[in-house]
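**Q** Just the structure for this:
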Amino acid sequence: MNATPTTAAARKPSPREAHKILEQCRDLTVKRMQGAFSAILDKVGDVLMDRANRTDVREEQQLLMDARDAMRSQRPALMAEFETRMRRRIDDRMSGEDERRKPDFSKADLSELALVETATMDEAVITGNLKRVIENACYEELALLNRGMGQLLERPDLETDRNPLSPATIVDAFADALREVKTEPRVKLQVLKEMNQVGVADVTAIYNDLNKHLLELHVVPAAMRAVNVGGGAGRARPDARRPEAPAPSAEVDVMALFQRMFAGGGLPRGHAPHAPMPGPSRPERSRARREPRRTSRTPRRTGRPRAAISTSRRSSIPAAGRP
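**A** Numbering: from 1, shown residues only. Prediction:
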């Protein structure tokens, strides 16, 4: 995989044309997301039924059946509310209205703070996880979509969390619509839990189709794109600057550095790791001088062999005194 720049240059549409393209992207997203979430709810219903049939706990079985019945009976109202909430959130984020209505927590009255209900915290955790699952599954598609939407919104540094068509916008809209369903909070929470277990392949296809639409209109700025190349077509030019590889440090230099440090002299100022290996330290030189003396004392400690001594004594006796 080599990085090569895109060849087609993006054009900058007029404000009127950009507004029209944004509306097209919004309508496409709303329509396709409705179908995708409807298919996801079908899978959730099957999972709820399967789990209810396999469990032996009466309370858990009743909860799963209630969640499935609620999704079947109130599906039309839920999907209609989902469409309304999603369209409204997308429009607010495109116009910047959401930023203007964002509360300023620096001016909040601490005396009015209260504990958040457990169900609310659980919902926030589950929806946050669902957003991350979709973002991870659609990472490359969202990166390309951010460039196209940033060009239309005149926000060149647009990130996924500020993209009007991001997974956060879609998931928050669905969570808002689910709150309007007339059932117990624990049933709604169970539906969100099961949504984390099913696939999001349909959502990935939607972002891919949005990118195709923007690419056909030539409104996606050029960027480094990873493509497969073979042979030498994708190789860098010879005159391209490459970072120099760091010079390998020899092991003897490291040992010399430690020898100097432990010899008591420390690391001299300006000493480089690749300096020549210093000579033997003082303990080594003194040990070298003592080595010959220890060797010369060796024969005196051990002495000559007894056979050699007796032979020399017999040779010193005069021949006439021998028997």
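**Q** From now on I want contacts and neighbour counts done on CA atoms only, so please keep to that.
**A** Fine.
**Q** Now Gln74: phi and psi?
**A** Torsion angles at Gln74 (phi, psi; degrees, to the nearest 10) stand at phi -110, psi 20.
**Q** what number of residues lie near it?
**A** For Gln74, the neighbour count with other C-alpha atoms under 10 Å is 14.
**Q** mind listing what the closest residue to it other than its chain neighbours touches?
**A** Excluding its sequence neighbours, the residue lying closest to Gln74 (C-alpha to C-alpha, 6 or more residues apart in numbering) is Val181, at 7.1 Å. If you count contacts by C-alpha atoms under 8 Å, 6 or more residues apart in numbering, Val181 has them with Gln74, Ala77, Leu78.
**Q** in the stretch 151-300 of the chain, what spans have low per-residue confidence?
**A** 223-300 (pLDDT under 70).
**Q** closest to Gln24 among the contacts of Val181?
**A** Leu78 (23.7 Å; C-alpha to C-alpha).
**Q** Excluding covalently adjacent residues, which one is nearest to that closest one?
**A** Once flanking residues are discounted, Leu78 sits nearest to Ala177: 6.0 Å by C-alpha to C-alpha, 6+ apart.
**Q** which outside residues touch whichever strand or helix holds that neighbour?
**A** Assigned by DSSP states H and E, Ala177 belongs to helix 167-179. Helix 167-179 has contacts (C-alpha under 8 Å, 6+ apart) with 33, 78-79, 81-82, 85-86, 89-90, 127, 130-131, 134-135, 161, 188.
**Q** And whatever helix or strand comes next after that helix, what's buried?
**A** The helix or strand immediately downstream of helix 167-179 is helix 185-195, counting by DSSP H and E. Under the neighbour-count criterion of 16 or more other C-alpha atoms under 10 Å, helix 185-195 has Val187, Lys188, Leu189, Gln190, Val191, Leu192, Lys193, Glu194, Met195 buried.
**Q** mind listing what's buried in the longest helix along the chain?
**A** What stands out as the longest helix in the chain, according to DSSP state H, is helix 15-54. For helix 15-54, a neighbour-count test (16+ other C-alpha under 10 Å) marks 18, 21-22, 25-26, 28-30, 32-34, 36-38, 40-41, 43-45, 47-49, 52 as buried.
**Q** and if you look at stretch 205-221?
**A** Buried, per 16+ other C-alpha under 10 Å, within stretch 205-221: 206-211, 213-215, 218-221.
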